[in-house]
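>>> need coordinates for the following:
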Amino acid sequence: MDSSALMLLTFMSAGTFLQVWGTDSVTALYGETIVIPCNGGTPAPEDLMFIKWKYEKDDGTPGDLLIKQARSDQATVQATDSYAQRVSIDDKFSLVITRASLKDQKTFTCMVVSETNLMEFPVSLVVYKKPSSVQIMDKSEVLQKDKPVTLGTCVAADANPTATITWKKNGKPLVADGKAVVITHSMKLDPATGLSTTSSTLQYTATKEDVGAVFACLSTHELTNDETDLEPFPIHYSSEKVSLQIMSKGPIIEGDNVTLKCHADGNPLPSSFFFHVKGEKKLVENSDTYTLTAISREATGEYKCSLADNEKMEATQDIVVSYLDLSLSPTGKVVKTVGDTLLLKMEKISSGDVKVSWTKNGKMVKEPEFSKLTYDDAGIYICEASMTGLTQHQSFELVVEGKPMITSLTKHHADDAKHKVLTCEADGVPEPSFQWSINSTNEESTYINGKATHKITVIPKVNLTVTCIVSNKLGEDFMTINVSSVFKEDIENKGSQEDSEDQAKLIVGVVAGLLIAAAMVGLIYWLYMKNSRQGSWKTNEKEVGTPEESKKLEENNHTV
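Got it, this is the predicted structure:
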């Protein structure tokens with residue numbers, strides 16, 4: 001019997017009684033160091049003699065681990081099994097066990113012996129281990145619509161206590177119903193370590209609404225929760241609907257290339273189709289389109305496409321080809337003579353309503369009618385026919401010809417009054433040429449819309465009759481005008497001025513002569529009277545002159 005046992009018997013014989021306290025619980029982590037407090041870490045009594053740690057073996061018998069005297073710094077290891085290398089005691093009398101394993105899940109007892117008492121404090125040890133990994137094995141590549149498919153197996157390995165596994169879809173737990181959702185759980189213990197591995201297999205029947213759904217596996221454990229997500233699964237299903245599209249942004253115009261596109265809603269998408277084109281079946285592989293090149297108006301009608309592996313799945317579409325034909329007679333360059341009639345003929349053939357408009361030389365006009373052509377009718381005419389998405393043009397250039405006709409022949413003085421300007425105006429197409437019957441200078445010509453004007457400057461030295469002659473390939477015309485000499489006009493004007501001056505001088509001379517003659521007569525008369533008075537005063541008789549003197553005096557009186 002060892003010394004501790006002898007001391008224990010001595011205390012007991014002295015009347016000391018054993019006290020056993022309730023069992024505490026301590027949790028340790030797998031593989032870590034275990035620390036089990038004695039009496040919950042309460043300080044030892046002052047009269048402590050020693051502390052002893054022991055445990056309950058697998059067969060229920062007690063086993064000693066170590067003992068430490070109160071006055072000793074070192075503890076004595078008493079264990080002879082695997083604990084001999086793994087146990088120690090710290091300064092607070094806590095039991096320290098290294099490299100925790102599930103085999104350490106036992107009841108360990110701290111026995112405290114003092115001079116007055118003996119107490120035991122049992123502690124139950126639990127060792128936890130979180131799963132070493134949580135992963136999904138045997139994942140499916142795709143899901144099948146309306147068919148059960150094993151989505152995968154979720155495994156939470158090497159745990160204690162056993163982990164639980166929950167499946168989720170879009171964040172919500174999946175509940176097994178035995179039909180669309182079947183979940184199978186299993187658990188396996190490692191005989192060497194005692195750790196458990198939990199597995200859960202999900203079998204799932206998908207619908208089209210599951211496209212893009214996110215499935216996840218959640219592992220729940222005392223120490224941690226781990227969730228592993230799966231990438232969304234493609235959902236495979238057969239086509240349930242087929243549609244035919246006409247790949248055209250606007251109306252289909254004759255001559256266009258038109259692409260037909262057959263679309264099915266299956267997954268994966270079908271890759272081969274039949275296109276039914278005007279009674280012929282065209283197989284297209286690895287594509288869903290068929291192109292009609294340079295479509296014609298005869299192509300208007302119904303078109304169809306179907307799945308190559310299921311021709312009952314089909315769709316139809318009508319195609320309407322828009323077309324517009326415009327014909328105009330005449331076209332090109334049309335040459336007519338003034339007064340002629342021009343008959344226009346315009347026809348249009350179309351697949352719908354057509355709007356027709358006309359322009360002449362770029363300006364909008366009404367539809368022309370030419371019953372009697374004039375020069376004003378000449379021009380470039382464009383007929384435009386249009387409908388939705390389609391426009392056609394036809395045009396002609398109308399040339400109206402005629403022999404020239406003089407409309408006016410005029411004259412006027414130039415600004416310097418030394419020249420005369422003659423202006424000859426005429427209508428005619430082609431452009432007429434001008435000839436004059438007089439030499440001239442400073443010729444000026446204009447020709448606009450069939451109207452020609454020609455001006456010349458002349459200096460006529462004598463009175464002339466001048467002729468203007470106009471001509472083109474269709475004929476000629478002439479007109480005359482009288483033109484007076486600019487020199488004669490100057491002489492006449494100068495003579496008139498001199499006559500006026502002479503006449504004025506004559507009038508002045510006559511008036512002066514009359515005044516002088518009157519003065520002379522008055523003077524003679526005064527002398528005569530004076531002499532007559534003198535004679536009378538002398539003889540008191542009337543003096544009578546000679547006959548010659550009387551005659552001369554009479555002539556002078558007549559002259560005055």
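>>> use CA for all of it now, contacts and neighbours both
OK.
>>> and the strands in the stretch 401-550 of the chain?
420-429, 433-436, 441-448, 451-458, 464-472, 475-483 (DSSP state E, counting those that start in this stretch).
>>> quick check: which of the ones you listed is buried the most?
Comparing these by mean neighbour count (mean count of other CA atoms under 10 Å), strand 420-429 comes out on top with a mean of 23.
>>> among the strands of the stretch 401-550 of the chain, which is nearest Ala264?
Among those, the nearest to Ala264 by CA to CA is strand 441-448 (69.9 Å).
>>> who does that closest one touch, helix- and strand-wise?
strand 451-458 (3 or more CA pairs under 8 Å, 6 or more residues apart in numbering; DSSP states H and E).
>>> tell me which residues are up against the strand it packs on.
By CA atoms under 8 Å, 6 or more residues apart in numbering, the residues outside strand 451-458 that reach it are 419-428, 431-432, 434, 438-447.
>>> if we can go back for a sec, worst mean pLDDT among the strands of the stretch 401-550 of the chain?
Least confident of those, judged by mean pLDDT, is strand 441-448 with a mean of 89.
>>> that older thread, so which of the strands of the stretch 401-550 of the chain comes closest to Asp91?
Of all the strands of the stretch 401-550 of the chain, strand 441-448 comes closest under CA to CA, at 129.4 Å.
>>> any idea of the mean pLDDT in stretch 295-304?
On average, stretch 295-304 scores 93.
>>> ok, and for that stretch, which residues are buried?
Under the neighbour-count criterion of 16 or more other CA atoms under 10 Å, stretch 295-304 has 295-297, 300, 303-304 buried.
>>> can you check stretch 358-369 too?
Applying a neighbour-count criterion of 16+ other CA under 10 Å, one finds 358-360 buried in stretch 358-369.
>>> surely Ile438 is in contact with Val466?
Yes - assessed by CA atoms under 8 Å, Ile438 is found in contact with Val466 at 6.6 Å.
>>> give the contact list for Leu328.
344-347, 394-395.
>>> strands - which of the residues you listed land there?
Using DSSP state E, the subset of the contacts of Leu328 located in strands is 345-347, 394-395.
>>> neighbour-wise, which of those leads?
When neighbours are taken as other CA atoms under 10 Å, the top entry among those is Ser395 (20 neighbours).
>>> that residue and Tyr381, how far apart?
5 Å (CA to CA, to the nearest Å).
>>> and if you look at Tyr128?
102 Å.
>>> cool, and Gln394?
9 Å.
>>> same check, this time on Tyr447
Counting by CA to CA, the gap from Tyr447 to Tyr381 is 22 Å.
>>> ok, now which ones touch Val399?
333-336, 378-379.
>>> Gly389 too?
250-251, 253.
>>> likewise Tyr447?
Counting by CA under 8 Å, 6+ apart, the residues that Tyr447 touches are 431, 453.
>>> and if you look at the one 3 residues further on?
Remark: with contacts taken as CA under 8 Å, 6+ apart, Gly450 is in contact with 375, 427-431.
>>> try Ile380
360-361, 395-398.
>>> how about TSV for those, with pLDDT added?
Below are those laid out as TSV (pLDDT from 0 to 100):
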residue	pLDDT
Lys360	95
Asn361	95
Ser395	97
Phe396	95
Glu397	95
Leu398	94
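>>> on that earlier part again, as a markdown table, the ones in strands among the contacts of Leu328 with distance to Thr184 would be great.
Compiled in a markdown table, the ones in strands among the contacts of Leu328 are given as follows (distance: CA to CA, whole Å):
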| residue | distance to Thr184 |
| --- | --- |
| Lys345 | 89 |
| Met346 | 85 |
| Glu347 | 82 |
| Gln394 | 82 |
| Ser395 | 86 |
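>>> select the helix or strand of this structure having the lowest average pLDDT value.
Lowest on mean pLDDT, DSSP states H and E among the helices and strands of the chain sits helix 547-559, with a mean of 41.
>>> which one of the contacts of Gly450 sits closest to Val284?
Checking the contacts of Gly450 one by one against Val284 (CA to CA), the nearest turns out to be Tyr375, at 64.5 Å.
>>> which residue is the nearest non-sequential neighbour of the closest one?
Spatial nearest neighbour of Tyr375, excluding adjacent residues (CA to CA, 6 or more residues apart in numbering): Val400 at 5.6 Å.
>>> count of residues packed around the one you found?
Residues near Val400, counting by other CA under 10 Å: 23.
>>> what do you get for Asp376?
Neighbours of Asp376 using other CA under 10 Å come to 11.
>>> ok so it is a strand residue?
No - looking at Asp376 with DSSP: H, G, I helix; E, B strand; the rest coil, it is helix, so not inside a strand.
>>> looking at it, it is touching Val429, isn't it?
No - with contact defined as CA under 8 Å, Asp376 and Val429 do not form a contacting pair (11.3 Å).
>>> quick one: low-confidence parts of this protein?
Low-confidence segments of the chain (pLDDT under 70): 1-18, 21, 417, 486-560.
>>> check which helix or strand covers the residue nearest the centre of it.
Taking CA atoms, centre = their mean as the criterion, Lys249 is the residue nearest the geometric centre of the chain, at 15.8 Å. Using DSSP states H and E, Lys249 sits in no helix or strand.
>>> could you tell me how far it is located from Ala264?
21 Å.
>>> how long is stretch 432-446 from one end to the other?
Stretch 432-446 has its terminal residues 11 Å apart, counting by CA to CA.
>>> I'd say Lys188 and Ser200 touch.
No - using CA under 8 Å, Lys188 is not in contact with Ser200, being 11.7 Å away.
>>> tell me the domain ranges of the protein?
For the chain, automatic domain parsing gives the domain ranges 3-128, 133-236, 242-322, 324-400, 401-487, 504-560.
>>> what's the span of the second one from first residue to last?
Using CA to CA, the gap from the first to the last residue of domain 133-236 comes to 31 Å.
>>> ditto for the fourth one
The stretch domain 324-400 measures 32 Å between its terminal residues, going by CA to CA.
>>> just how off-centre is it within its chain?
Remark: domain 324-400 is offset 39 Å from the chain centroid, using CA atoms, centre = their mean, to the nearest Å.
>>> then stretch 53-70?
Centre-to-centre, stretch 53-70 and its host chain are 87 Å apart (CA atoms, centre = their mean).
>>> gap between the two ends of it?
Note: stretch 53-70 ends 14 Å apart using CA to CA.
>>> who's the nearest residue to Glu443 once chain neighbours are set aside bridged to?
Distances taken as CA to CA, 6+ apart place Ile456 nearest to Glu443, at 4.7 Å, with adjacent residues excluded. Ile456 has the following beta-bridge partners by DSSP bridges: Leu422.
>>> quick one: Ile456 from Leu125, how far?
For Ile456 relative to Leu125 (CA to CA), the value is 138 Å.
>>> and for Glu314?
The value you get for Glu314 to Leu125, if CA to CA is used, is 73 Å.
>>> ditto for Phe275
Using CA to CA, we find Phe275 at a distance of 78 Å from Leu125.
>>> which one's more surrounded, these two?
In this view Phe275 and Leu125 are compared by other CA under 10 Å, and Phe275 has more residues nearby, 28 against 20.
>>> my guess is the more buried one meets Tyr290, correct?
Yes - between Phe275 and Tyr290 there is a contact under CA under 8 Å: 7.3 Å.
>>> which one is Phe93 nearest to, not counting chain neighbours?
Phe93 sits nearest to Cys38 (CA to CA, 6+ apart), 6.2 Å away.
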